Structures are given as C-alpha cells and as structure tokens.
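Undergrad: Here is the input, now give the coordinates:
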Amino acid sequence: MKRVAGRKKNILSHGSECLSRDTVTSSKRYPGCFTLAAMFLLLVSAIVCDEEVYGMAKKKYVVLLGASVGHAWNIEALPDRLKQAGPVQDYRFEFAGDYQFDKTTTLKSLLARNENKPDTIIIKECAAYFPGDLNQYQTLIKTYVEECLKAGVIPVLATVAPVRDPGIFKLQYWKNIVKRIIYPSRPGVDARLGGLTAYNDWVRKYAAENKLTVLDLEKVLRISESDRRLRPDVDSGDGLHLNGQAYGLLDQIVISALDQAFSKK
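TA: The predicted model follows:
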C-alpha cells in the first residue's frame, strides 16, 4: 500500500510539474499568437476598408469641381440614377463647389487630402464667367492640369454648357433687359455665348495636344454644330441654367469619358 501511495504521489507530482511547464510555455507562446492574430485582423480590416478584397477592385474616386450648374447636377447620386451594374459601379463621386472661375484654392485643398483624395478631378467652369479674359482663363486651366498631374491625379476638362436667349415670353428675358439698362457693361447673351464657345474650342485643342480627356457638355446640349446655343428643351427657363432633361443627357456621357481618361493613365 505504501508503494502504491508513493507511486500515486510521484504521478501527481510529475503531473503537476508537467502542467506547470505547459502553463509557463503557453504563457510565453500565447502572446506571440495574439500579436500575430491582431496583425492579421488589422491587415484584413485595412484591405476591406480599402475595398480591395479578392475579386473586388477599389472604386475610383471622382470629384467634380464646379459652381452652380455643377452643384445642381447632384453627381454623387449618378450611380443610383443610372441604376445598372457595370462600369458606373466602378466609380464614386463628389461635388466640390467654388463659385468663381479661379478655383486654385479649392483644387489645392482637394489635392492635399489624405482621405478621399481624388483619383480624377473634372474641372468645370460655368457660363456666368463669360465673356472674360481668355488668356487668363487659359493660364489657370494649364496650372490646374499641371498641379493635378504633379499630385498623381488625372485631370478631365469639361467644356462649358452653352446659353440662349430665354425669349420674349419669358420673365427672365425682360429681367435681362432691365439689368442691362441698369448695368450697361453687363454682357448680353451673344457676347456670353461667343466667349464660352471660344473657350470650349481652346479646351478641345489643348486637351488633344496634351492627350487629356474632355467631358464635352456643350456638344450634347447645343442645338447643332453650326448653332451652338443651348437647346430650348434643356433650358431651365433663364437661358443659363439647365433642367432635369439636360442633366439626364450629361449623365450618359460621364462614364465613357472617365473610362477614356483612366485608359490613358
């Protein structure tokens, strides 16, 4: 009986020693396992947040830099409006407003972002800034393009939407006459249209020479190639701003222009 009791004691002692060793070994091993697991989870989270999990490419971030016409477009909702799978789902959109021709400050703030930095910026000016100093406008656009390329962002140049005389049966027509009486230097529709079409012609030429993409708003909104006034059916009523039908037409040309821009990268 003493021998049996002694054996039991030895077994229990040996077991406790093994358990103690395992506990010590585990205490040394588990922190490393926990560290590796934490690193793995962080890596997976980063990948998921960046939308680059296997089989799903990161969406390209597009910013429309413009003014009132651009704001009314509500480009953030473009994927929902088109309601289709395919290329449109490869993009995310944001509008950044700057209500003057010189958009240098806003452009630089977009390019300096750490989060939601654009992959491409659509640079859009409004008809309200025409006629103006075309040489100054050209210099600014060239600077925008240089800044974008320096920051690794693809610039897309938009042509300016055309304008038209609202017609004598529209209240805006008579408002324009009164404004021109009060402010004789205020440009009329013909002067505004002439200034913006000259700008649009230059944008197309400059883009072609520098292998840039143009989002040609004028082309789909004008009456014809020979009559470059705003189509009556897409006029909001003041001859300057656009209606819902106009924005529906613009929706249809965005994705193909963006695909073209990224294919040149």
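
Undergrad: mind checking how far C148 is from T104?
TA: 12 Å (Cβ to Cβ, to the nearest Å). All C-beta atoms are positioned from the backbone trio N, CA, C, and that covers glycine.

Undergrad: higher neighbour count, those two?
TA: C148 (21 against 13; other Cβ atoms under 10 Å).

Undergrad: While we're on the more buried one, how confident is the model there?
TA: Reading off the confidence values, C148 has pLDDT 98.

Undergrad: ok so it is a helix residue?
TA: Yes. C148: assigned to a helix according to DSSP: H, G, I helix; E, B strand; the rest coil.

Undergrad: in which helix or strand would I find the residue nearest to it when sequence neighbours are not counted?
TA: Of all residues not flanking C148 in the chain, P155 sits nearest, at 4.0 Å (Cβ to Cβ, 6 or more residues apart in numbering). Following DSSP states H and E, the helix or strand that holds P155 is strand 154-158.

Undergrad: That strand: partners in the sheet, and parallel or antiparallel?
TA: strand 120-123 (parallel), strand 213-215 (parallel) (DSSP bridges).

Undergrad: Could you single out the most deeply buried of these?
TA: Comparing those by mean neighbour count (mean count of other Cβ atoms under 10 Å), strand 120-123 comes out on top with a mean of 24.

Undergrad: ok, back up a step: who's in contact with the strand holding P155?
TA: 66, 119-125, 141, 144-145, 148-149, 203, 206-207, 212-217, 257-258, 261-262, 264-265 (Cβ atoms under 8 Å, 6 or more residues apart in numbering).

Undergrad: Do a quick rundown of the helices in the protein.
TA: When assigned using DSSP state H, the helices of the chain occupy the ranges 2-49, 68-73, 78-82, 104-111, 134-150, 171-182, 189-209, 217-221, 244-263.

Undergrad: now the residue nearest to C148, which residues is it bridged with?
TA: Residues in beta-bridge contact with P155 (DSSP bridges): I121.

Undergrad: Once you drop chain neighbours, what's closest to T105?
TA: Nearest to T105 is D98, by Cβ to Cβ, 6+ apart, at 7.4 Å.

Undergrad: so how far is S68 from the one you found?
TA: 11 Å.

Undergrad: Can you tell me which of the strands paired with strand 154-158 is nearest to P162?
TA: Nearest of the strands paired with strand 154-158 to P162, taken as Cβ to Cβ: strand 213-215 at 14.5 Å.

Undergrad: Output the below-cut-off pLDDT ranges for this structure.
TA: 1-57, 84-86, 167-186 (pLDDT under 70).

Undergrad: Give me the domain ranges for it.
TA: Domain assignment of the chain by automatic domain parsing yields the ranges 1-57, 60-263.

Undergrad: Quick check: the residue lying closest to K108 once chain neighbours are set aside vs K60, distance?
TA: Excluding the flanking residues, the one nearest K108 by Cβ to Cβ, 6+ apart is E147, at 6.9 Å. Plainly put, E147 is 19 Å away from K60 if you go by Cβ to Cβ.

Undergrad: just D259 next, same as before
TA: 10 Å.

Undergrad: of those two, who's got more company?
TA: Between D259 and K60, counting by other Cβ under 10 Å, K60 is the more crowded of the two (17 against 14).

Undergrad: follow-up on the earlier one: show me which of the contacts of strand 154-158 are buried.
TA: Buried members of these, counted by 16 or more other Cβ atoms under 10 Å: 66, 119-125, 141, 144-145, 148, 203, 206-207, 212-217, 257-258, 261-262.

Undergrad: list the contacts for the closest residue to Q260 other than its chain neighbours?
TA: Of all residues not flanking Q260 in the chain, T213 sits nearest, at 5.0 Å (Cβ to Cβ, 6+ apart). Contacts for T213 (Cβ under 8 Å, 6+ apart) come out as I154, V156, L157, A207, A257, L258, Q260, A261, K264.

Undergrad: Repeat that for L258.
TA: K60, V62, Y91, T120, V156, T213.
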